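Undergrad: Curious how this folds, go ahead:
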Amino acid sequence: MPDAIHGATAILNGCETFLTNDKRLESLSGINVIILSNL
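TA: Numbering: from 1, shown residues only. The predicted structure follows:
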């Protein structure tokens, strides 16, 4: 699950927002997740 690794890396590096198409990551805590297909 590459997006999960990217999400964890983003959180560890202080990113505020994470863009993905993986709806399973919508509940990721510690970062604002934007689902691209919802835009």
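
Undergrad: just the strands in the protein please.
TA: For the chain, strands defined by DSSP state E occupy the ranges 17-20, 32-35.

Undergrad: Can you tell me the strand partners of the first one and which way each runs?
TA: According to DSSP bridges, strand 17-20 has the following sheet partners: strand 32-35 (parallel).

Undergrad: Mind listing residues that contact the partner strand?
TA: Residues outside strand 32-35 that contact it (Cβ atoms under 8 Å, 6 or more residues apart in numbering) are 7, 16, 17, 18, 19, 20, 21, 22, 23, 25, 26, 27. For the C-beta atoms, the positions are set from N, CA and C on the backbone; glycine is no exception.

Undergrad: mind showing which ranges of this structure have poor pLDDT?
TA: For the chain, no stretch is flagged by pLDDT under 70.

Undergrad: same thing but at 80, please
TA: For the chain, applying pLDDT under 80 flags the ranges 1.

Undergrad: Go ahead and flag the most central residue of it.
TA: Taking Cα atoms, centre = their mean, the centroid of the chain lies closest to residue 18, which sits 3.8 Å from it.

Undergrad: Correct me if wrong: it contacts residue 28.
TA: Yes: proximity of residue 18 to residue 28 meets the contact threshold set by Cβ atoms under 8 Å, at 6.8 Å.

Undergrad: Could you tell me which residues touch both of the two?
TA: Any residue near both residue 18 and residue 28 by Cβ under 8 Å, 6+ apart counts here, and that gives 7, 11.

Undergrad: Any buried residues in stretch 15-22, and which?
TA: 18, 20, 22 (16 or more other Cβ atoms under 10 Å).

Undergrad: quick one: terminal-to-terminal distance for it?
TA: End-to-end span of stretch 15-22 (Cα to Cα, to the nearest Å): 18 Å.

Undergrad: quick one: contacts for residue 28?
TA: By Cβ under 8 Å, 6+ apart, residue 28 lies in contact with 7, 11, 18.

Undergrad: Next one: it from residue 35, what distance?
TA: The gap separating residue 28 from residue 35 is 11 Å, by Cβ to Cβ, to the nearest Å.

Undergrad: Great, nothing more from me.
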